[in-house]
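**Student:** Sequence and predicted structure below; questions after.
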Amino acid sequence: MGVTVEDDGMNMDELEEVLKNNDGVKMIYTIPTFQNPTGTTMPLEKRKRLIELANKYDVLILEDNPYGDLRFSGEDVPTVKSLDTEGRVIYAGSFSKILSPGMRLGYIVAPAPLAEKIEMLKQVNDVHTPMLTQLMCVEFMKKYDIDKYIAKNCDLYGKKCAKMVEAMEKYFPQGKVKWVVPEGGIFLWCECPTITDIAPIVDKCLEKKVAIVPGSNFATDIYAPSNMFRLNYSSATLENIEEGVRRIGEVLNEML
């Protein structure tokens, strides 16, 4: 079951209603920092409330934080894990977003008994994470300053995000599209309030060789229509960002 994501992250009142009325809930999954797909970041007060609710209703929290290091504006917010006093937060990170997209390598921070069970389940599912990628990651961190490498990427992503926002303001139909400007991460989230289904626009964009991801892909009901879509600026050049947004703008101006 899902909980609504507001402009500042998960709706805590709605979350409490879910926990109060559903005895079977065992875990809360959240991406509190630069959430995928919305790019929103949960403020400290909401994070504290999240911990309080987990403690009150005796559930675990899975804090998925693959994008948290990719901040290019604003102030850092403490992780949910850092607020945990009862050992009920499982923290998950990824090297694929901060080191190499092709290196599908992640890590968790969790109480030892829980980590052992997760390790066992992972081995059942995929035998093991390849040793080669683990060794590559270790060698990189031995030889190079990964924090400096991350800072370089943050600077680059900040420029790309600014370029995409600038192009959207230039090419998208005024008043017909709303979006969230993130302080980090790799996504921009857009909403078209005047329509109910983005699917025809997705198809038309593909005809112009541009892919946007429909909001339904991220919903608890993937078959329900959505008027939202996600853009990504991490891998495209500044020139391609401009051209891609221009093409999307053509479709939006035509169909909205």
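**Tutor:** Received, thanks.
**Student:** Would you mind measuring from the most centrally placed residue in the chain to Thr194?
**Tutor:** Central residue of the chain (CA atoms, centre = their mean): Asn36, 2.2 Å from the mean position. Using CB to CB, to the nearest Å, we find Asn36 at a distance of 25 Å from Thr194. In this view, the C-beta of every residue, glycine as well, is placed from N, C-alpha and C.
**Student:** Then Pro43?
**Tutor:** Plainly put, Pro43 is 30 Å away from Thr194 if you go by CB to CB.
**Student:** now do Asp155
**Tutor:** 36 Å.
**Student:** any chance you could map the strands in the stretch 1-150 of the chain?
**Tutor:** 5-6, 9-10, 27-30, 60-64, 89-94, 106-109 (DSSP state E, counting those that start in this stretch).
**Student:** Point out the most buried one among those.
**Tutor:** Ranked by mean neighbour count, the strands of the stretch 1-150 of the chain are led by strand 9-10 with a mean of 22 (mean count of other CB atoms under 10 Å).
**Student:** what distance separates that strand from the centre of its chain?
**Tutor:** Taking CA atoms, centre = their mean, to the nearest Å, one finds strand 9-10 lying 12 Å from the centre of the chain it belongs to.
**Student:** Please name the strands paired to that strand in the sheet, noting orientation.
**Tutor:** If you go by DSSP bridges, strand 9-10 pairs up with strand 5-6 (antiparallel).
**Student:** Next, count neighbours for Cys190.
**Tutor:** Neighbourhood size, Cys190 [other CB atoms under 10 Å]: 21.
**Student:** was I right about it contacting Asn227?
**Tutor:** No - under the criterion of CB atoms under 8 Å, Cys190 is not in contact with Asn227, lying 9.4 Å apart.
**Student:** Can you tell me the closest non-neighbouring residue to Leu50?
**Tutor:** Spatial nearest neighbour of Leu50, chain neighbours left out: Val80 (6.2 Å); criterion: CB to CB, 6 or more residues apart in numbering.
**Student:** Reformat the strands of the stretch 1-150 of the chain as JSON lines; add distance to Asn125.
**Tutor:** Formatted as JSON lines, those follow (distance: least, CB to CB, whole Å):
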{"stretch": "strand 5-6", "distance to Asn125": "28"}
{"stretch": "strand 9-10", "distance to Asn125": "27"}
{"stretch": "strand 27-30", "distance to Asn125": "18"}
{"stretch": "strand 60-64", "distance to Asn125": "16"}
{"stretch": "strand 89-94", "distance to Asn125": "15"}
{"stretch": "strand 106-109", "distance to Asn125": "14"}
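**Student:** Would you mind telling me which of those is nearest Glu207?
**Tutor:** Closest approach to Glu207 among the strands of the stretch 1-150 of the chain is made by strand 5-6 (30.4 Å; CB to CB).
**Student:** follow-up on the earlier one: the residue nearest to the centre of the chain against Tyr67, yeah?
**Tutor:** Yes - at 7.1 Å, Asn36 counts as touching Tyr67 under the criterion of CB under 8 Å.
**Student:** Quickly list what's touching both of those two.
**Tutor:** Here Asn36 and Tyr67 have Gly185 as joint contacts, going by CB atoms under 8 Å, 6 or more residues apart in numbering.
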